[in-house]
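[1] Mind folding the following:
(one chain, ligands or ions: 1)
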Amino acid sequence: MSRRAEILAMLTAAVTITLPVSPARAADTQIVGVGTQFLPQVAVVPSGSGVVWSNQEVYRYPVILGYHNIVGDPTVGNLPGNRPFPVVSPMMVPGKGWACPATPEGPKCTGLDGPTVVLKPGRYAYMCGVHQNHMHGILIVN
Ligand SMILES: [Cu+2]
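    Below you'll find the model as predicted:
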């Protein structure tokens, strides 16, 4: 094998190793509840991926004060261009979370009382049902 052929073979091998076999979908969007806030407050879910909320309050945060859930925000949700988040999540105690897994049609959210809703593209306003005065977020599903 000529030196040129050896170099080509090495380059081909390197390319074969580094290229993904198929396009990976975007990672699920992560939102944390910490310090009695949702962070980020505005989160974007890329097309074809899911969303995960996790309660990262310290374990000994006062009971109830450290509990969070996701409910629709009827005030911001009814402003033009928005809609209220359509599902009520289970209560998340510190260290726990709630996910709307990816489906080809959008994130699939199963609510506390059973209904399953697939989030179509749009802007969803939500809040914590325990901390409605100050714990709000926007989820943009692309
Ligand atoms: Cu809360």
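[2] Near the ion, which residues of the chain are found?
    Contacts of the chain with the ion, taken as C-beta under 5 Å from the ion, map to 68, 128, 130-131, 135. (Each C-beta comes from the backbone N, C-alpha and C, glycine too.)
[3] so where's this structure shaky on pLDDT?
    By pLDDT under 70, the weakly predicted segments of the chain are 1-24, 61-63.
[4] center of it - which residue?
    Nearest to the geometric centre of the chain sits residue 51, at 2.1 Å (C-alpha atoms, centre = their mean).
[5] quick one: that one from the ion, how far?
    17 Å (C-beta to the ion, to the nearest Å).
[6] again with residue 59
    16 Å.
[7] Residue 25 too?
    30 Å.
[8] Name the SS class of the residue nearest to that residue when sequence neighbours are not counted, please.
    Spatially, and ignoring its direct neighbours in sequence, residue 25 is nearest to residue 48 (5.0 Å; C-beta to C-beta, 6 or more residues apart in numbering). Put simply, residue 48 is coil when judged by DSSP: H, G, I helix; E, B strand; the rest coil.
[9] Now that residue 48 has come up, it's in contact with residue 26, right?
    Yes. Residue 48 lies in contact with residue 26 (C-beta atoms under 8 Å); the separation is 6.8 Å.
[10] residues in contact with the closest residue to residue 33 other than its chain neighbours?
    Closest residue to residue 33 apart from its sequence neighbours, by C-beta to C-beta, 6+ apart: residue 68 at 4.2 Å. Counting by C-beta atoms under 8 Å, 6 or more residues apart in numbering, residue 68 makes contact with 33, 53, 55, 57, 91-92, 128, 130-131, 135.
[11] Among the residues you listed, which lie within helices?
    Secondary structure defined by DSSP state H assigns none of the contacts of residue 68 to helices.
[12] of all those, which comes closest to residue 112?
    Distance to residue 112, by C-beta to C-beta, is smallest for residue 91 among the contacts of residue 68, at 7.9 Å.
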